[in-house]
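Novice: pasted the sequence and its predicted model underneath.
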Amino acid sequence: MTNTLEHTTGTPLLSSVRVAHFVAHGSLRLDAVVPPEMNAEGMEVLRAGIPAVPYGSSVPTAYPAGSFVRRLLELPAVAGALRSLVGPGPTVDHHYVHIREPHEGRAQPLHGDAIIDVRTDAFDVQLMYYPQDVTLGMGGTLSVPGSHLRRTNETDTGRYQNLRGQSRLVCPAGTVVFLHHGLWHGGRRNDSDVVRYMFKIRFNPTVRQRRLWDTSDLGDPGVAGELSTTFPWYEPATGRLEIYRRILLWRALTGDDSFDLDHWVTRVSNHPQEEAV
């Protein structure tokens, strides 16, 4: 039986396997989900700039009906992914149009956004929209898969230029990427002759992030497979803590306190209270 949210919203919700992928990787990529005519409009909108909105604005307040951004968020694939990750009625934390000039000769340091955030059972989601084809030379957003649950303070990671297994975005026009707020990332240097645009919105949930997606495949072995993913930059020992943190997050998202991988969390949360006889 599918999650009833799918019937009430009419949007295609994410599967459990895809949400598990997000929990493990810290991101979810939707290639070319924005149609070409919208991308052409989007380029003009981003060139003109999008005025800031007050922190905590509702989506209807921030982006009136019929506006470009509102129509972007109402695309079925985008709306379904957003609802699956943060739920209905999220608020807008902030948004920003990122512009990388041709041959500008600099890049953003590797960083996590607002990592004063220490929540372990909730997270904000950042939507990143790319209205044009992004080639390697254009310096697409670099991110480090699986880094989102390792707490750092803003640009503490800025001294690192390259990490094994990092992902440097190359994508077709109309691609939308959703990031966990803690994922380490940074805009790369644009070495092309083309101005590169990216539009970012950070969303805050207003409901408990529990079983917001299509849970019909919750028992799929692919869920555990995704949550068991390791990445090349993980240390042999400390890297295991990333999987431990994932298990805790998955428990919070599903409400299943018995979920585990290889008995890891069960073992270390064992606190018997019965007195020995």
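Specialist: That came in fine, so what should we check first? Everything quoted here is computed from the prediction, not taken from an experiment.

Novice: use CA for all of it now, contacts and neighbours both
Specialist: Noted.

Novice: hang on, residue 158 packs against residue 107?
Specialist: No: assessed by C-alpha atoms under 8 Å, residue 158 is found out of contact with residue 107, at 10.6 Å.

Novice: tell me where this structure has helices.
Specialist: 4-9, 16-25, 36-48, 59-62, 68-74, 76-86, 221-227, 240-254, 264-268 (DSSP state H).

Novice: any residues in contact with both of residue 158 and residue 107?
Specialist: Residues touching both residue 158 and residue 107 by C-alpha atoms under 8 Å, 6 or more residues apart in numbering: none at all.

Novice: of all the helices of the chain, which one is nearest residue 189?
Specialist: Judged by C-alpha to C-alpha, the one of these that comes nearest to residue 189 is helix 36-48, at 19.1 Å.

Novice: what residues sit buried inside that closest one?
Specialist: 39, 42-43, 46 (16 or more other C-alpha atoms under 10 Å).

Novice: TSV for those, including distance to residue 192 and pLDDT?
Specialist: Output for the buried residues of helix 36-48, formatted as TSV (distance: C-alpha to C-alpha, whole Å; pLDDT from 0 to 100):
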residue	distance to residue 192	pLDDT
39	20	98
42	20	98
43	17	97
46	19	98
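
Novice: can you name the two of those that are farthest apart?
Specialist: Most distant of these, by C-alpha to C-alpha, are 39 and 46, 10.2 Å apart.

Novice: quick one: the strands in the stretch 151-277 of the chain?
Specialist: 167-168, 175-180, 185-186, 196-204 (DSSP state E, counting those that start in this stretch).

Novice: out of these, which is closest to residue 57?
Specialist: Per C-alpha to C-alpha, nearest to residue 57 of those: strand 196-204, 9.8 Å.

Novice: so what does that closest one touch, helix or strand wise?
Specialist: helix 36-48, strand 91-100, strand 125-130 (3 or more C-alpha pairs under 8 Å, 6 or more residues apart in numbering; DSSP states H and E).

Novice: who does it pair up with?
Specialist: Strand pairing for strand 196-204, determined by DSSP bridges: strand 91-100 (antiparallel), strand 125-130 (antiparallel).

Novice: for the first one, buried residues please.
Specialist: For strand 91-100, the neighbour count (16+ other C-alpha under 10 Å) marks 91-97, 100 as buried.

Novice: what bridges to the residue positioned nearest the centre of the chain?
Specialist: Centroid-nearest residue in the chain: residue 179, 1.7 Å away (criterion: C-alpha atoms, centre = their mean). Going by DSSP bridges, residue 179 is paired in beta bridges with residue 27, residue 126.

Novice: appreciated, that's everything.
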